[in-house]
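Peer 1: Okay, here's the prediction I keep looking at, along with the sequence it came from:
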Amino acid sequence: MIKARAAVLLEPGQDPQLTDVELRGPVGDEVLVRIEAVGICHTDITMASLAGRTPMVFGHEGAGTVVAVGPQARRGVGEQVVLTFASCGACDNCTHERPAYCDQSTNLNMRGSRRDETSALRLDGAPITGGFFGQSSFATHAVAGSRNAVPLPDGFDPVLAAPLGCSVQTGVGAVLNVIGPVPSIAVFGAGAVGLSAVMGARIAGAKTVIAVDPVAERRALAAELGATITLDPTAGDAAAEIMSLTGGVAGAVDTTARPDVIASAVGVLASRGTLAVLGLGAPTAELPVTLIMAKGLTVRGVVEGDSDPQVFIPQLARLHAAGELPLEKLVSSYAFDDFGAAWAAAKAGTAIKPVLLTGR
């Protein structure tokens, strides 16, 4: 067993607490990764608030170095990797390069591991729930599968690599992989995913990029990252303003998961426009079906940027190296011992992308 330190959700309704844990070594195609940086995503916060299987370790934007491998692992000791979502590799979607829609996605990502001898994590000698998104990387070490450990270029800063595992690939991928090159895009919500979508829209060559967010600092950052128009939805009817300025946009991205915002996003689409729905929140929303039919609109759910991470994350790394993806503008770094402060900043939205440094 390997001694490690992790942020463990000990009781439902509480925040995770740093404590000592143990990990078994990697088996099969698994790898053991020394985590050097890990991002906090709102999915972690949402799922922690709903968790019933405590103790449990969350975290799904880990980056670090492979220090041990199982006998069938497709990664080598010493490789720098970023950890992303898990997929089975065998279902129809996986074999057709659509792993974000893996038939086993819910089991492999949201539910975590079984609390038996197969669990990689132990607390006080007893197995606990790990395997969140195939990693549980709120820890100094994490066990992951070869499929969700993506190699990075030599020297890539793990602090900047961590958000590629989820939030950045989700936002950029929604534009590059789903909406595609269009003249105009509106992004609702300017958190880490929304700002990534703004960068994706600029990379895709959109001439008009609209960012809608109530927080002035986030609107300012959106403008810095490529938004040509920013709107405060609390200052007036943002949808009406978008229609007045553009007559309708070719693409829209919703990261809020608010039913009223999703309906507004549909309403600002031009004929044959596409709305990418990314947020995790409200399970249902009323949509203007007559308008969708009359204008030939597409409302498209998008998971993890519609990406094959083994292909798309290296593409994102190249975009960063070319200066097209300034990840450093999203990140606020925290020492791992300051997990509580980072978690609070993520919950309050005072940091766009908190990233924990776990001992580099």
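Peer 2: Done, it's in.

Peer 1: How about residues contacting stretch 123-130?
Peer 2: 8, 19, 21-22, 53-57, 112-113, 115-117, 119-122, 136, 143 (Cβ atoms under 8 Å, 6 or more residues apart in numbering). In short, each C-beta sits where N, CA and C put it, glycine included.

Peer 1: Okay, and which of those residues map to strands?
Peer 2: Mapping those onto strands (DSSP state E) picks out Val8, Thr19, Val21, Glu22, Met56, Val57, Leu121, Arg122, Val143.

Peer 1: Any idea how many residues pack against the last one?
Peer 2: Using other Cβ atoms under 10 Å, the number of residues around Val143 comes to 27.

Peer 1: tell me the contacts of it?
Peer 2: Leu23, Arg24, Pro26, Glu30, Val31, Leu32, Val33, Ala120, Gly130, Gln135.

Peer 1: now those in CSV, with pLDDT and neighbour count?
Peer 2: Below are the contacts of Val143 laid out as CSV (pLDDT from 0 to 100; neighbours: other Cβ atoms under 10 Å):
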residue, pLDDT, neighbour count
Leu23, 96, 23
Arg24, 95, 17
Pro26, 96, 24
Glu30, 96, 23
Val31, 98, 25
Leu32, 98, 24
Val33, 98, 29
Ala120, 94, 27
Gly130, 94, 30
Gln135, 97, 31
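
Peer 1: So which of the residues you listed sit within strands?
Peer 2: Among the contacts of Val143, the ones falling in strands (DSSP E) are Leu23, Glu30, Val31, Leu32, Val33.

Peer 1: which of those sit farthest apart?
Peer 2: Greatest spatial distance among these (Cβ to Cβ): Leu23 and Val31, at 11.9 Å.

Peer 1: Mind splitting the protein into its structural domains?
Peer 2: Split into domains by automatic domain parsing, the chain comes to 2-165+330-357, 171-303.

Peer 1: do you know which of the ones you listed lies nearest Ala317?
Peer 2: Taking Cβ to Cβ as the criterion, Ala317 comes closest to domain 2-165+330-357 out of these, the separation being 5.6 Å.

Peer 1: And the lowest-mean-pLDDT helix or strand in the chain, what's buried?
Peer 2: Sorting the helices and strands of the chain by mean pLDDT, DSSP states H and E puts helix 42-50 at the bottom, at a mean of 90. Residues of helix 42-50 classed as buried: His42, Thr43, Asp44, Ile45, Met47, Ala48 (neighbour count, 16 or more other Cβ atoms under 10 Å).

Peer 1: where's the fourth one relative to Phe58, distance?
Peer 2: Ile45 sits at a distance of 9 Å from Phe58 (criterion: Cβ to Cβ, to the nearest Å).
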